[in-house]
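1. sequence and predicted structure, then a few things I'm wondering about:
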Amino acid sequence: MQRFPDYFNFSHKAGVYALRLTAGAVLFFLMMPILVIIPLSFNSEPFFTFTEGMLSFEASAYSLRWYRAILENPNWMLAIRNSFIIGFFATIVATSLGTLAAVGLASPEMPFKRVITALLLSPMIVPLIIIAAGMFFFYTRFNLVGTFTGLIIAHAALGVPFVIVTVTATLTGFDHSLFKAGLSLGANPLRVFRDVVLPLIRPGVISGGLFAFVTSFDEVVLVLFLAGPDQRTIPRQMFSGLREQINPTILAVATLLVFVSVLLLLSLELLRRRSERLRGV
Amino acid sequence: MAADTTQFLRFLDVKKSYDQKILVVKGFSLDVAKGEFITLLGPSGSGKTTILMLLAGFESVTGGDIQIDGVPVTRTAPYKRNIGMVFQNYALFPHMTVAENLAYPLKVRSLDRSEITARVKDYLALVELEDYGKRHPGQLSGGQRQRVALARALIFEPSLVLMDEPLGALDKKLREQMQFEITRLHKKLGFTVIYVTHDQTEALTMSDRVAVFNDGVVQQCASPDVLYERPSNAFVADFIGENNLMPAKIAAVRGDSVRVTVAGGQEITAQAADIREVGGKCIISVRPEKMFIKPSDHAYDNEITANFIVRHYVGDFIRYYFELSDGSEITIKVLNDAAAPVFDEGQLAQLIWQTSDCFAFRTM
């Protein structure tokens, strides 16, 4: 039995249990839809429910059928390839621009800091559908609709705010005399940035980049508006899959996505620990 | 232009304003000789750190010129000035080891790898941190970090080294150790130092010359003994060390000395510092250790009467507090020996001192 402080009366204890119950319920509703698809993706039948065989753990009820279906379906393969290409380049663009913006905004001499920050962060706040509609009309004029360039730019714009937020967080408490020290030792500003500033804000840059990648990877609204058939991405393919040919291939893809995300988060955490150890904190 | 060694570093009427309205530095001129240890001393906000920033190139001058070895540097980028700098918070690169920190300025200058390794080793030995090369700054104590910062500022052999309150973050004992360390390195390597501090003990013990700053202007720039024994104005007299200041009026001028009237109409003689107009209001200063209480064996040529207030037992000496009839307070330090007198509160005492220890200044 849990040991409570002696002054706890009945309502204190009831409060503690109510809190645990609520927290548990929230976690359950958050995690369950994700966890439940993992076993379902190994279903040997084209159903979205647990078959009797699955429930009694019969080996024949499980199969890799839907994973094979992904590999055999050129639409899925194209979508996976596209998602990685667009995600990769959007991440590169968003990370470079976002890092530069954050460093600039952290400088004490920067004028109109608040206005610029608000503008740069706006893609995070403005409803996606509005951005998508706006971009659609805007891109038409530059013939960017239905091109990879257009999608990469659009996804980079969505990713930049994440990079700015994470890099700004690592820059708070950044000792500006380090920059001066670098200059006084004879390194030009670019070199000081490369040798001193960048290594120190690297954790922020990497996690920002990861967020940017994930944002691009599961983005569907902009893709619906801007992508042609050649640019369809995984979420776009799932979206049409749900409507047109409903079968557990989607669950197999979703399971793969969950694994990718877990891997990304793990590598992020490892990088963070490594940089902390290096700094001797 | 052949530069004189006494004019190695020249500040020529340097002015600085951050907002184009208020001058933080108002016409600063100073010649620094090669190898000299100069300290800029002043209360916070007096403009001393600004001078350092102008010299390092982190701020641009509003007016005037700075020359090193006869060459104007105000239009040279900070990373091309070849000036070493030690920061108050050390500013060591936390992601590099101590050895990498020291190697950085050499790497930037594209020296040979073997040369870099050798020099890093030499300088680690110089600051007595031979075994610490592989550590990160986060694993060092404050004193060790400051030694690394010092070595890093010296390793590329700059002719000029700036130190911005480098010992401000250390405790008293470490600070004294580091003062010794810095003077030792300065004597050994012979670089020129511009040192900024608000700690006058530090300034007086370490420097060849001290420039006392107030309100953007140098009040006096002189060797520590001159600064202490012959301050040139009331600010310096008050700022450096402890001083008894009494308001007075000049009654007569005789060459370099003046006859002045202090509280209660008592007349004394003082050396004229920056005032010699008869009838002018002035401030008289005498150091607490240069005043004596009668009876005393010390020779004297000034004597005044004052009320005893209280005496504080400090240990090696005793502090006596007296008051003149106009309310101005006088402190006297007496060595703690059998001759230290005892008074009742309000008792009258005769205070004596030499004219050579007493100055008349223009009121501030």
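-> Received, thanks. Since the model is a prediction, treat every value here as computed from it, not as a measurement.
2. give me the distance between A:Asn143 and chain B.
-> 44 Å (CB to the nearest CB, to the nearest Å). For glycine as for every other residue, the C-beta is placed from the backbone atoms N, C-alpha and C.
3. what does A:Ile80 give?
-> 37 Å.
4. what parts of the stretch 101-250 of chain B come near chain A?
-> Proximity of the stretch 101-250 of chain B to chain A (CB under 8 Å from any CB of the partner chain) is limited to residues B:104-105, B:108-109, B:135-139, B:152-153, B:156, B:162.
5. among these, who's most crowded?
-> B:Arg152 (28 neighbours; other CB atoms under 10 Å in any protein chain shown).
6. ok, it - contacts?
-> A:Leu185, B:Leu92, B:Asn101, B:Leu102, B:Tyr104, B:Pro105 (CB atoms under 8 Å, 6 or more residues apart in numbering or on different chains).
7. please redo it, this time with the cut-off set to 10 Å
-> A:181, A:184-185, B:84-86, B:90-93, B:98, B:101-105, B:120, B:123, B:127 (CB atoms under 10 Å, 6 or more residues apart in numbering or on different chains).
8. alpha carbons only: can I get the helix or strand hosting it in PDB?
-> If you go by DSSP states H and E, B:Arg152 is part of helix B:142-154. Output in PDB follows, covering the C-alpha atoms of helix B:142-154 (Å, rounded to 0.1, in the frame of the first residue of the first chain):
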ATOM      1  CA  GLY B 142      37.800  28.700 -11.400                       C
ATOM      2  CA  GLY B 143      41.500  29.300 -10.900                       C
ATOM      3  CA  GLN B 144      42.500  26.600 -13.400                       C
ATOM      4  CA  ARG B 145      40.100  27.900 -16.000                       C
ATOM      5  CA  GLN B 146      41.500  31.400 -15.600                       C
ATOM      6  CA  ARG B 147      45.000  30.100 -16.100                       C
ATOM      7  CA  VAL B 148      43.900  28.300 -19.300                       C
ATOM      8  CA  ALA B 149      42.300  31.600 -20.500                       C
ATOM      9  CA  LEU B 150      45.600  33.400 -19.700                       C
ATOM     10  CA  ALA B 151      47.600  30.800 -21.600                       C
ATOM     11  CA  ARG B 152      45.200  30.900 -24.600                       C
ATOM     12  CA  ALA B 153      45.500  34.700 -24.800                       C
ATOM     13  CA  LEU B 154      49.300  34.500 -24.700                       C
END
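9. the next helix or strand along the chain from it to helix B:142-154, inter-axis angle?
-> Next helix or strand after helix B:142-154 toward the C-terminus (DSSP H and E): strand B:160-164. Between strand B:160-164 and helix B:142-154, the angle comes out at 150 degrees (axes from the mean of the first three to the mean of the last three CA atoms, to 10 degrees).
10. in chain B, which spans are helices?
-> For chain B, applying DSSP state H gives helices covering B:48-56, B:98-108, B:113-126, B:142-154, B:172-189, B:200-206, B:224-229, B:234-239.
11. residues contacting the fifth one, please?
-> Just to be clear, that refers to helix B:172-189. B:35-37, B:86, B:123, B:126-128, B:141-144, B:146-147, B:150-151, B:154, B:157, B:161, B:163, B:166-170, B:191-193, B:195, B:199, B:201-202, B:205-208.
12. the residues you listed, buried ones only, as a ChimeraX selection?
-> One line in ChimeraX is enough to select the buried members of those, burial here meaning 16 or more other CB atoms under 10 Å in any protein chain shown:
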select /B:35,36,37,86,123,126,127,143,144,146,147,150,151,154,161,163,166,167,170,191,192,193,195,202,206,207,208
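13. mind checking which of the contacts of B:Arg152 are buried?
-> For the contacts of B:Arg152, buried by 16+ other CB under 10 Å: A:181, A:184-185, B:84-86, B:90-93, B:98, B:101-105, B:120, B:123, B:127.
14. show me what the helix or strand A:Met135 falls within is packed against.
-> If you go by DSSP H and E, A:Met135 is part of helix A:128-141. Here helix A:128-141 touches helix A:148-171, helix A:221-226, going by 3 or more CB pairs under 10 Å, 6 or more residues apart in numbering or on different chains; DSSP states H and E.
15. ok, now how distant is A:Arg114 from A:Ser63?
-> 57 Å (CB to CB, to the nearest Å).
16. likewise for B:Pro78?
-> Note on B:Pro78: its distance to A:Ser63, by CB to CB, is 68 Å.
17. looking at these two, which one has more neighbours?
-> Counted by other CB under 10 Å, B:Pro78 and A:Ser63 do not tie: B:Pro78 has more neighbours, with 21 against 13.
18. which non-adjacent residue is nearest that one?
-> B:Gly57 (3.3 Å; CB to CB, 6 or more residues apart in numbering or on different chains).
19. now for chain A, the helix or strand with the poorest mean pLDDT.
-> Among the helices and strands of chain A, helix A:52-55 carries the lowest confidence by mean pLDDT, DSSP states H and E, at a mean of 76.
20. quick one: buried residues of that one?
-> Neighbour counts over helix A:52-55 (16+ other CB under 10 Å) mark A:Met54 as buried.
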